[in-house]
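> how would this look folded up:
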Amino acid sequence: MKYLKQQLFLFFVVMLLLTKSASAQFDEPQIIKVEAENAAEFQERFANIKWTGQGFNYNSLDRIPAIEIRAKLQSAYGDPTKTIETVMTDGKFRAGKAIQFEYWFVVNGSIPMMVLDLDGPFADGLVYVGASRYIDLMPEVKRTLTRTVTEAEPKEYSDYFFSPEREQWYKVSYKDGEYTKEEVDTPSHIQMK
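Below you'll find the predicted structure:
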């Protein structure tokens, strides 16, 4: 009888563990934005990560103009982790660093992910990169990010963008319900190399 009780107890423990494991697979990923002041810590923590864009399946977010996605990201996650102004090294601008913004995230407390805008306000969608060893989780991560972003109401923002192809600076913004990208001179606080 004691052996039967032990077997039943073991059976229930195993079933409980399997149920917990199965439900964890269906939990929505927790996506936390890295604040600008924590960027160095993020870079140090994930310095040895092999980055990939694979696994981020094409979906409805990729058909939305980047200028609009930026306003929704502002609403959902606040200011970007990096902008063109914060990626400049030694105060001087390098055309190879021509981004408008970057949002860095940590998914489920341990998975790094970045959402980047490389084409400024002139394209649809963004660029997504994550740790290659978590490639199988990226479709669900992108679905969750897509739902969060597309459900967010646009929020006002203002960024700069440099188009190397056009050799032109732009001020990109969403204000009073309007998206704008206006040509501007080189911002006075940015030194060109």
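
> give me the beta-bridge partners of the residue nearest the centre of the chain?
The centre of the chain sits closest to V115, judged by CA atoms, centre = their mean, with a distance of 3.2 Å. Per DSSP bridges, the residues bridged to V115 are Y103, Y128.

> quick one: it and Y103 touch, right?
Yes. At 4.5 Å, V115 and Y103 qualify as touching, with contact defined as CB atoms under 8 Å. All C-beta atoms are positioned from the backbone trio N, CA, C, and that covers glycine.

> which residues do those two both contact?
Taking CB atoms under 8 Å, 6 or more residues apart in numbering as the criterion, V115 and Y103 both touch L73.

> how about V127: what's its closest non-neighbour residue?
Among residues not flanking V127 along the chain, L116 sits closest, at 4.5 Å (CB to CB, 6 or more residues apart in numbering).

> my error: substitute P80 in the last question.
Computed as CB to CB, 6+ apart, the closest residue to P80 that is not its neighbour in sequence is F101, at 3.9 Å.

> quick one: contacts for that neighbour?
70, 73, 80, 82-84, 116-117, 159.

> how close does it get to D27?
Going from F101 to D27 by CB to CB, to the nearest Å gives 29 Å.

> please apply the same query to Y134.
Here Y134 is placed at a distance of 15 Å from D27 (CB to CB).

> all helices of the chain, in order?
Counting by DSSP state H, the chain has helices at residues 2-25, 39-45, 66-77, 84-87, 138-151.

> show residues contacting the shortest one.
It stands for helix 84-87. Applying CB under 8 Å, 6+ apart, the set of residues contacting helix 84-87 is 36, 93, 97-102, 159-162, 187, 189-190.

> give the buried residues for that helix.
Judged by neighbour count using 16 or more other CB atoms under 10 Å, the buried positions of helix 84-87 are I84.

> out of the contacts of helix 84-87, which comes closest to E151?
Nearest to E151 among those, counting by CB to CB, is F101 at 20.0 Å.

> what pLDDT is listed against that closest one?
Listed pLDDT for F101 reads 95.
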